[in-house]
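K.L.:
fold the following for me, if possible:
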Amino acid sequence: MGTVVAPACFSTPMMMMGFFKSKPRTRTPVELIHHLRHLLPYTTPNPALPKTKRSYHKICEVGKVIVEIRRVLYGDDRLEPSEEACVKLAQEFFKQDTCHMLIAFLPNFDPGTRQDVTHVIANLHRQRVNGQYLASQYLERNTPLLAMLLPGCDNSELALSYGAILRECIRHQVAAKYILESDHFKIFFKYIQDPSFDIASDATATFRDLLTRHKSTVAEFLSKNYDWFFLEYNSLLESPNYISRRNAIMLLGAMLLDRSNVSVMVRYVCSLDNMRILMNLLRDSNKTIQLEAFHVFKLFPANQRKPQEIVNVLIANRVKLIRFFSDFTFEKADEQFESDKAQVVKEIAALELKVQPCSALKQCKQIAC
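P.N.:
Below is the predicted model of the structure:
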């Protein structure tokens, strides 16, 4: 009987050991966070030197760890996420300053890793432990983190990541309140008119969340900051940029028509300057802006305590306004729109003129449609 020769692939004990090598041990949630914290400082290259192989290797390793963390939080094709693992991961992530570190080192990563980081942070901000959001408690102790995120919204390369993370933070009332009450909020009036479409659109999404998500906080903010806020906001409504005007009028309607902002709405519709802006928007060349402007304009004639100067202007423009609304229609106009339009016409037609000084008459003519 001839000697049996082993296949070439099993010709040495070393190669056989390699064939039967066990898979690497899966890290626990706590180990993943500790490993991530260890790696992050090494991802920053020395600015005086070209990017080294060591820093490149560390950045790649961070990317792998982030993917592993994402798999724990979201699961994969084979396994559903474990609630216990997600809780442990969230507890360890918010225990120290891992969130702050991860955001600080975000510019060092490639776009794909930044996107994974965004998904990981989004999930962790929504994790509840014993009915409470750990992220909310963390942000209450670390509000400077929010100030660190805001400048990133002005970077065309990073705006999408920073903006998405900031909106996740804003889900928590403590974060939204901090931004609204800080000087940082005013910078959004600049960002939403940025020439870069990515920066402007992302800032607009964050701006809208800040002013609509937490009703009581927004109502308090608008009441306390009415004068300067609407002075800035009206400049958006009169912006030469079509997108800025459209976004501004849509958000204005959402704010004023919200029940929590009734007192702010009443104050807004008692201003002749505000009505003048809305009357101009009714004549905008864009149909969407016209329709959104109508939903706000209808509040002025519907106000049962209209200042006399507003009554006088509506009367001075009565014929033109009624003629305008008779032709004011849209392809997808519904019964509610037609009903609202009829009510506006009825309110304007029923107005009575009172004796007024010559200066007021002059003003009426200047605002005429």
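K.L.:
mind checking the longest helix of this protein?
P.N.:
helix 53-74 (DSSP state H).
K.L.:
so what touches it?
P.N.:
27, 29, 32-33, 35-36, 39-40, 42-45, 81-82, 85-86, 89, 105, 108-110, 112-113, 116-117, 119-120, 123-124 (Cβ atoms under 8 Å, 6 or more residues apart in numbering). (Glycine included, C-beta is placed from N, CA and C.)
K.L.:
what's the angle between the very next helix or strand once past that helix and helix 53-74?
P.N.:
Of the helices and strands lying after helix 53-74 in sequence (DSSP states H and E), the nearest is helix 83-95. For helix 83-95 against helix 53-74, the angle by axes from the mean of the first three to the mean of the last three Cα atoms, to 10 degrees is 130 degrees.
K.L.:
residue 94 against residue 138, yeah?
P.N.:
Yes: counting by Cβ atoms under 8 Å, residue 94 does reach residue 138; the two are 4.3 Å apart.
K.L.:
what's around residue 168, how many residues?
P.N.:
19 (other Cβ atoms under 10 Å).
K.L.:
swap in the one 5 residues further on?
P.N.:
Residue 173 sits with 16 neighbouring residues when counted by other Cβ under 10 Å.
K.L.:
can you start the count at 54 instead of 1 from here on
P.N.:
That works, and once the first residue is 54, the last one we named lands at residue 226.
K.L.:
next one: it from residue 251, what distance?
P.N.:
For residue 226, the distance to residue 251 (Cβ to Cβ, to the nearest Å) stands at 28 Å.
K.L.:
likewise residue 184?
P.N.:
As judged by Cβ to Cβ, residue 184 and residue 251 stand 37 Å apart.
K.L.:
out of these two, which sits in the busier spot?
P.N.:
Comparing residue 184 with residue 251 by neighbour count (other Cβ under 10 Å), the higher total belongs to residue 251, at 15 against 5.
K.L.:
state the pLDDT value of that one.
P.N.:
Predicted confidence (pLDDT) for residue 251: 87.
K.L.:
same question for residue 60.
P.N.:
As predicted, residue 60 sits at a pLDDT of 50.
K.L.:
please export the C-alpha coordinates of stretch 151-160 as CSV.
P.N.:
The C-alpha coordinates for stretch 151-160 follow below in CSV (Å, rounded to 0.1, in the frame of the first residue of the first chain):
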residue,chain,number,x,y,z
THR,A,151,-16.7,60.0,24.7
CYS,A,152,-19.4,62.0,22.9
HIS,A,153,-17.4,65.2,23.1
MET,A,154,-14.2,63.4,21.9
LEU,A,155,-16.0,61.7,19.0
ILE,A,156,-17.4,65.1,17.7
ALA,A,157,-14.1,66.8,18.3
PHE,A,158,-12.2,64.3,16.1
LEU,A,159,-14.9,64.1,13.5
PRO,A,160,-13.0,66.3,10.9
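K.L.:
now that stretch: how far from the chain's centre is it?
P.N.:
Put simply, stretch 151-160 sits 20 Å off its chain's centre (Cα atoms, centre = their mean, to the nearest Å).
K.L.:
same question, stretch 378-391
P.N.:
So, by Cα atoms, centre = their mean, the centroid of stretch 378-391 is 31 Å from its chain's centroid.
K.L.:
any idea of the mean pLDDT for it?
P.N.:
Across stretch 378-391, the average pLDDT comes to 86.
K.L.:
kindly report the same for stretch 87-107.
P.N.:
Mean predicted confidence for stretch 87-107 is 73.
K.L.:
likewise for stretch 345-359?
P.N.:
Per-residue scores along stretch 345-359 average to 95.
K.L.:
what do you get for stretch 293-300?
P.N.:
94.
K.L.:
alpha carbons only: can I get stretch 258-265 in PDB?
P.N.:
The C-alpha coordinates for stretch 258-265 follow below in PDB (Å, rounded to 0.1, in the frame of the first residue of the first chain):
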ATOM      1  CA  ALA A 258     -33.700  72.300   8.900                       C
ATOM      2  CA  THR A 259     -32.000  73.000  12.300                       C
ATOM      3  CA  PHE A 260     -33.600  76.400  12.500                       C
ATOM      4  CA  ARG A 261     -37.000  75.000  11.900                       C
ATOM      5  CA  ASP A 262     -36.500  72.300  14.600                       C
ATOM      6  CA  LEU A 263     -35.400  74.900  17.100                       C
ATOM      7  CA  LEU A 264     -38.600  76.900  16.500                       C
ATOM      8  CA  THR A 265     -41.200  74.100  16.300                       C
END
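K.L.:
how about it, which residues are buried there?
P.N.:
Across stretch 258-265, burial judged by 16 or more other Cβ atoms under 10 Å covers 258, 259, 260, 261, 262, 263, 264.
K.L.:
stretch 295-309 too?
P.N.:
Result for stretch 295-309 [16+ other Cβ under 10 Å]: buried residues 297, 298, 299, 300, 301, 302, 303, 304, 305, 306, 308, 309.
K.L.:
switch the residues you listed over to TSV; also include distance to residue 330.
P.N.:
Output for the buried residues of stretch 295-309, formatted as TSV (distance: Cβ to Cβ, whole Å):
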residue	distance to residue 330
297	14
298	10
299	14
300	15
301	10
302	9
303	15
304	14
305	10
306	13
308	15
309	13
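K.L.:
now, which of these lie within helices?
P.N.:
Checking the buried residues of stretch 295-309 against DSSP H, those in helices are 297, 298, 299, 300, 301, 302, 303, 304, 305, 306, 308, 309.
K.L.:
most widely separated two among those?
P.N.:
Distance extremes for those: the farthest pair is 297 and 309 at 18.3 Å, using Cβ to Cβ.
K.L.:
need the contact list for residue 375.
P.N.:
Contacts of residue 375 by Cβ under 8 Å, 6+ apart are 398, 401, 402.
K.L.:
make CSV out of those and add pLDDT, distance to residue 272 and secondary structure.
P.N.:
Converted to CSV, the contacts of residue 375 look like this (pLDDT from 0 to 100; distance: Cβ to Cβ, whole Å; DSSP: H, G, I helix; E, B strand; the rest coil):
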residue, pLDDT, distance to residue 272, secondary structure
398, 95, 31, helix
401, 95, 30, helix
402, 94, 34, helix
